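[1] Here is my input, please return the structure:
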Amino acid sequence: TNVIFALGDSNTFAVPSGPMSSKAVDLNGPPPPPPPPAVHHVTLHNDLFLEWSYDPTNKTISFHATLQATAWLAIGFSVDGNMMPGFAVIAKPVNPPQQNTSSVMEYKLDNSEAGPVFTALPGTLSHVSFLQTGGRTLLAFTRALEPGVPGCWNISTFMPNNVLWAIGKSNEFAHHKIAGSVSINFGEGPVATSVSMDRNMTVQFTYFPQMKAVYFLASLRYHAWMAIGFSANGNMVPGDAVIGQPMAPTPVAEYLLLGYDHFNTSQFVPVNGPSVHNATLDQTSERTYFAFFRPLQGLSVSTWNISTTGVTNLLMAYGKNNTLSHHQHAVSHQVYIGGQPPTPPSSHSRQLDSNYLLEWLYFPDKQAIEVTLTLQGDAWLGFGICNNYGEMVGTDAIIGRPDLQSVFELRLSSREPSSFENLGLAGLSNATIVQHGGVTVMKFTRALAPGGQKEAFNANGNTDIVWAYGVSNTFDDGHGSNHGAASIDFATGTVEVEKDKYKIAHGALMAVGMGAVLPLGTFIARWGKGKSGSSTWFKLHRAIQSLGLMLCVAGFALALYFEHRLDAQHFAVTHSRLGLAVVVLTLLQPFNAVIRPDKKASWRPVWEVVHKGAGWLVLLLSVVTIYLGLDIYGAGVKFVALYSVVLGVFVLTGLGLTWRASANASRKGHYSVINNDA
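    Down below sits the predicted model:
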């Protein structure tokens, strides 16, 4: 092509005085290299990650699946997301685990009266790679959109595809451990939205802006007529419905619903003209599939116009069989055809202790959490995400310091503040701490997964947290006993208070030791002596009290351990102080018994008062300590009631035995309850 060009002498246009310049140019030129296919990914399960890239030139899709386990693996496709009927690429490992591509094959999945039928479809895959190493299973393969194999599934790049996945329990190919499906758009088309009516019927709808139409696909778990419709208020009448009738001359047609009598054409009025497009109604051996395109604009002024900017009341119904009659089940759902609106945040709160309140807003669309911590007092505040329940070390802590009027996110790499690592403010926003009128409030917004080396909130379950607040505004003054841990599902608000295995074991050992074994040994010494001269009671008393002592010492050691693990101040509350007193007095009792004087010794009465008095003091302090522990632990009414019943049994039994001994002594004319020969 000869290109002519010219340049003027100034901004004033004038006819060139001489010939214009020209140049012959090949406008085609060498074609630019095609861009590499974009790689997309989705997390199918906590342990299963799928990547894919679409190659429009070769009309293929390359898949790469990573499983954090060694087990058989399957990736497949189906019309409605159900496993059967469907298609799946199944990788069956060999023993011992090694690279093996011959065990990877695509199968057609069908159901029969005898059970599942797997039909191999050779020739659909290329570039197959299968490897198990380091506790992981890696599967890669390339598949043509339309492999050209009879009976094989064709992947769409215009419509969303229902992708199946399954993970085995082990390398042995048997029933899966877990399976699921997800809707994936491999090309540039719109995304489908799925609505489950009940366990029998599912409807998917996909909005196509360029076509100004909506594609509906319904699946039913047995053979029957189906209907999908629209109305102003969710009621069937007045409304508009597309009905699929397998037995009708026109299987798919749209009707105006002006009444409930489907035999009356003035109440079920057929819409004249092609109101729906590309309509299909198919029935397999077990299911019914119903699909059609419906324009946003109704065919007439009487038919329903589908909104893409507001709520649409979607009607769904299915019958008892293929003959149109009264429906088996019908419901309506409010849906957004043009896409889901932003999900409003969910609001939750938790009283961490009597002075410290945690409130949060969970934003699922933003994948973020807005946290507010309120303390009734003036002090620095802390909130941390830990990777090991209750552990301070390794925690990512958000610290609000009123003395600096700043909020930081720190990695607590040890128990020494000088070693704390400042992680910066990535993923953290709107962070403030203020004090007013004896109240301290810290607020911040944090991404669920801020990236980098920061700990992430669990978006699909509980996140382990630790919390603390200072004894003053000065961070170096520490937090004393103002600390704790919890496991929180920030999406649902479900909170599991600090109930780790060490505290459970501590509570159990102390409750049994102080609340049952030691009282039993004391009862034997007090009321179980029997005939004078018998030493059986003494042997039982000594053995049972020794067991109670061992239980208490073990429980006490666990308390010291988990308090040290949380970097807490020891014996800072009444419960721990009384517990210390109980353990010390219980440890002194065996030494007291060792120095027991002869019963004729002059200081024997003093020894008896000290030994017996210490024993009864231990029981009294144990009762108070256990009730305080149940309160701190948040054990609930049932555990408090259970211990109260046990305590009541001991008290009533003791009173009964005392009354009985007193009555026996009165009948003999004297009162002697205690055998002083102990």
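
[2] show me what contacts the nearest residue to His176 once chain neighbours are set aside?
    Spatial nearest neighbour of His176, chain neighbours left out: Ala166 (4.2 Å); criterion: Cβ to Cβ, 6 or more residues apart in numbering. Any C-beta I mention is one placed from the backbone N, CA and C, and that applies to glycine too. By Cβ atoms under 8 Å, 6 or more residues apart in numbering, Ala166 lies in contact with 73-74, 76, 83, 88, 176, 178-180.

[3] could you redo the last one with a cut-off of 10 Å?
    Taking Cβ atoms under 10 Å, 6 or more residues apart in numbering, we find Ala166 in contact with 44-45, 48, 71-76, 83, 88, 90, 175-181.

[4] how about it, phi and psi?
    Note on Ala166: its backbone torsions stand at phi -150, psi 140 [degrees, to the nearest 10].

[5] Pro274 too?
    Here is the backbone geometry of Pro274 (degrees, to the nearest 10): phi -80, psi 80.

[6] Next, the contact list for it, please.
    254, 295, 299.

[7] try 8 Å
    By Cβ under 8 Å, 6+ apart, the contact list for Pro274 reads Leu299.

[8] swap in Ser413?
    Residues in contact with Ser413 (Cβ under 8 Å, 6+ apart) are 393-394, 419-421.

[9] in the one helix or strand Glu359 maps to, what counts as buried?
    In the assignment (DSSP states H and E), Glu359 maps to strand 356-363. For strand 356-363, the neighbour count (16 or more other Cβ atoms under 10 Å) marks 356-358, 360-363 as buried.

[10] Now do the SS call for the closest residue to Gly515 other than its chain neighbours.
    Closest residue in space to Gly515, ignoring its immediate chain neighbours: Ile626 at 5.4 Å, by Cβ to Cβ, 6+ apart. Recorded secondary structure, Ile626: helix (DSSP: H, G, I helix; E, B strand; the rest coil).

[11] Check the spacing between Ile626 and Cys552 real quick.
    The spacing between Ile626 and Cys552, counted by Cβ to Cβ, to the nearest Å, is 12 Å.

[12] cool, Ala508 as well?
    12 Å.

[13] Looking at the two now, which is surrounded by more residues?
    The neighbour count for Ala508 versus Cys552, taken as other Cβ atoms under 10 Å, is higher for Cys552 (24 against 13).

[14] So that one lies in a strand, does it not?
    No - read with three-state DSSP, Cys552 is helix and lies in no strand.

[15] Surely it is in contact with Val582?
    Yes - shown here, Cys552 and Val582 form a contact pair, counting by Cβ atoms under 8 Å, at 6.9 Å.

[16] Overlap in contacts, those two.
    Common neighbours of Cys552 and Val582 (criterion: Cβ under 8 Å, 6+ apart): Met514.

[17] what's the angle from whichever helix or strand Lys443 is part of to strand 356-363?
    Using DSSP H and E, Lys443 sits in strand 439-447. Here strand 439-447 runs at an angle of 30 degrees relative to strand 356-363 (axes from the mean of the first three to the mean of the last three Cα atoms, to 10 degrees).

[18] Where does pLDDT dip in the stretch 201-350 of the chain?
    301-302, 339-343 (pLDDT under 70).

[19] give me that answer again for 80
    210, 273-274, 285, 299-302, 309-310, 338-344 (pLDDT under 80).

[20] Provide a list of residues in contact with the residue nearest to Gly515.
    Applying Cβ under 8 Å, 6+ apart, we find Ile626 in contact with 510-511, 514-515, 643.

[21] Quick check: helices, which of the residues you listed are part of them?
    Here DSSP state H is the test, and these give 510-511, 643 as lying in helices.

[22] Top of those by number of neighbours, please.
    Among the ones in helices among the contacts of Ile626, Met510 has the most neighbours (other Cβ under 10 Å), with 24 neighbours.
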